[in-house]
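Student: my questions are about this predicted structure, shown below with the sequence.
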Amino acid sequence: MSAAQAMPGSNPAALARWRQARRRGHMAVLAVTSLLLALSVWAVQGSVIPGTDWRRMGGFAEVVTGFGRFLPPDPTLLPTLFEPAVQTILIAIIGTLLGAVMSLPVAVLGAANLRPLGMPGYLLARGLMTMSRSIHEIVWALIFVSAVGLGAFAGILALACRSVGFVSKLLAEAIERIDMRPVEAMKAQGARPLDMVRHAIVPQLLPIGLGTLIFEWDINVNRAAVLGLVGAGGLGLTFHNQLIASNYAGVTTVLLTILAIILVGEAISVRLRRRLV
Amino acid sequence: MFESSEMAQLRFVPARHAAPAAALAEPLLQVENLRVRYPGAPEDVLRGVGFTLAPREFVAVIGASGSGKSTLLRAINRLVEPSAGSVRLGDIEVTALQGGALRRCRRRMGMIFQEFNLIERYRVLDNVLLGRVGSQQALRALFSIYPATMIAEAAALLDRVGLGAFLDQRVDALSGGQRQRVGICRALFQAPELLLVDEPTSSLDPRIANDIMAQIRDLAQESGVAALCNIHDVALARQFASRVIALRDGIIVHDGPFDELDEAALGGIYAATDRSRL
């Protein structure tokens, strides 16, 4: 008999239920862990082992030598990286802003409490949100490269389309959570509908909207850096060129530049969010 | 910017209320056979309510929760649509108005809310200035551009309620009592003819509730504004209103001086309201 059972006033039936619930919890953890293990073994057996070129991998020393080709970085490349780095940052900024503008009507249509075009408009907006998020930015870039040609414009459009899903979804949820009491107060004092939107609704959406936008810009700097791989401008294109030329030290320089941009972007976005939200 | 002494000298008396003595004889507000039924509700919340309100009169509306007090105030300024009956403000039939005409009429009725209904991220002065946003030109209203005289008037009004030093604070940094004072200033800054006051002290502690009620009454009297004030607390109603309208289950069961209400009558007003209406 356990200490708990021996304690006066304890409820044996409740204690039994607690033990049963705990046992069920342990069984669930065991089942999920077993399933993940089985899936891992199946993936290694079915994909990793037959899908890897083991003969070309060579020994451990060769693997280390392969990695060693990426070091040290090539500093002579740095002056040529300035322009694509600026282009990457601009692609991220303009792509995010364009995405934000595109997100506004989608968010309004997709807010359950507004539904200005009824259920068809709501479903269309929700569909656009899902489509935007489910298509990878590289795929968006490939689509726009084929549509408008190589370069930064394709990158901007790709990032804008990719941003719509996230920004409009969060904005729609913010609209759904609006406190209607200030709106009612302005209505009661005879304010025009535009005044109500400007003074009672926008101030409530602004902190969430700005926070989302800064966060999205942060992610888009990251995305913009790799879009060049498919010809959509920026550092990704330089990265691609270095890789094709087998200049692995140059690849490392480009990667470090991307990392620096992302770190600076992260620092700026943290400060902006702290000030504005 | 104004020094506090200068602001104290500016008294808030809207010119609109310098009404000729003859006009005082006419009722400011006439409510006749007012009925309200919310969509999907089985019965009316207000069942043929009728009364008049004279200019400068301060009337308390009392009744249990669910008796229709808030609905009455909201039906007068059409935040809630009446299903039948008539509301006249001066010579205007409020229930017949639409669009711009309704908005202009609403500007003649200030409203003070139980939960203040302020713009939390705006500063105190900006919230008060919003009281006249509807009467500003659209572009000016959009960009919050107000004439200097209007800003001075709003600042003076805030000084009058003891918030002169707080006018640059954000509303979400204020206490409940301070927020309600901002709400009072916003409503009075509209320069209304009628104040609709909906349970202004429900979310405040008793001492502050007393101060708030005193400020509403004093400012309404100074400005020559009539007030219809929902009060849940009978003691406050007795203290501040000479006339009381009592509602029970959507019907007026008393309209007259508070002195005519004895304990038995009050017991009847607050007794077992039909629970389905709560």
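Tutor: Cool, got the structure.
Student: going forward, measure contacts between C-alpha atoms and count neighbours the same way
Tutor: Will do.
Student: ok, A:R69 - how many residues close by?
Tutor: Per other Cα atoms under 10 Å in any protein chain shown, the neighbour tally for A:R69 reads 15.
Student: for it, give me its contacts.
Tutor: With contact taken as Cα atoms under 8 Å, 6 or more residues apart in numbering or on different chains, A:R69 is in contact with A:248-249.
Student: SS state for B:G66?
Tutor: Secondary structure for B:G66, judged by DSSP: H, G, I helix; E, B strand; the rest coil, is coil.
Student: now do B:E43
Tutor: Of the three states, B:E43 takes coil under three-state DSSP.
Student: how close does the closest residue to B:E93 other than its chain neighbours sit to chain A?
Tutor: The shortest distance from B:E93 to any non-neighbouring residue, by Cα to Cα, 6 or more residues apart in numbering or on different chains, is to B:V87 (6.0 Å). The gap separating B:V87 from chain A is 15 Å, by Cα to the nearest Cα, to the nearest Å.
Student: how many other residues sit next to B:V87?
Tutor: Other residues within reach of B:V87 by the criterion other Cα under 10 Å amount to 25.
Student: repeat that for B:P147.
Tutor: Residues contacting B:P147 under the criterion other Cα under 10 Å number 10.
Student: please apply the same query to B:G267.
Tutor: When counting by other Cα under 10 Å, one arrives at 11 neighbours for B:G267.
Student: can you say which helix or strand has it in it?
Tutor: Assigned by DSSP states H and E, B:G267 belongs to helix B:263-270.
Student: same question, A:G250
Tutor: Using DSSP H and E, the element containing A:G250 is helix A:248-276.
Student: quick one: the helices in the stretch 51-200 of chain A, in order.
Tutor: All helices of the stretch 51-200 of chain A, identified by DSSP state H, counting those that start in this stretch, fall at A:54-57, A:60-68, A:78-110, A:118-134, A:137-148, A:152-176, A:181-188, A:193-196.
Student: flag every residue of the stretch 151-278 of chain B that's near chain A.
Tutor: The stretch 151-278 of chain B comes close to chain A at residues B:187, B:190, as judged by Cα under 8 Å from any Cα of the partner chain.
Student: what comes up buried for the helix holding B:G267?
Tutor: Within helix B:263-270, the residues that count as buried by 16 or more other Cα atoms under 10 Å in any protein chain shown are B:269-270.
Student: stretch A:119-128 now?
Tutor: For stretch A:119-128, the buried set under the neighbour-count rule, 16+ other Cα under 10 Å, comprises A:121-122, A:125-126, A:128.
Student: pLDDT wise, what is A:P8 at?
Tutor: Note for A:P8: predicted pLDDT of 59.
Student: tell me the centre residue of the chain?
Tutor: Since you didn't name a chain, this refers to chain A. For chain A, the residue nearest the mean C-alpha position is A:I219 (5.9 Å; Cα atoms, centre = their mean).
Student: switch to chain B, that's the one I care about
Tutor: Nearest to the geometric centre of chain B sits B:L196, at 2.3 Å (Cα atoms, centre = their mean).
Student: mind checking the SS state of that one?
Tutor: Following three-state DSSP, the label given to B:L196 is strand.
Student: what segments of the stretch 101-250 of chain B are helices?
Tutor: Here the stretch 101-250 of chain B has its helices, by DSSP H, counting those that start in this stretch, at B:124-129, B:138-142, B:148-160, B:176-189, B:206-223, B:234-240.
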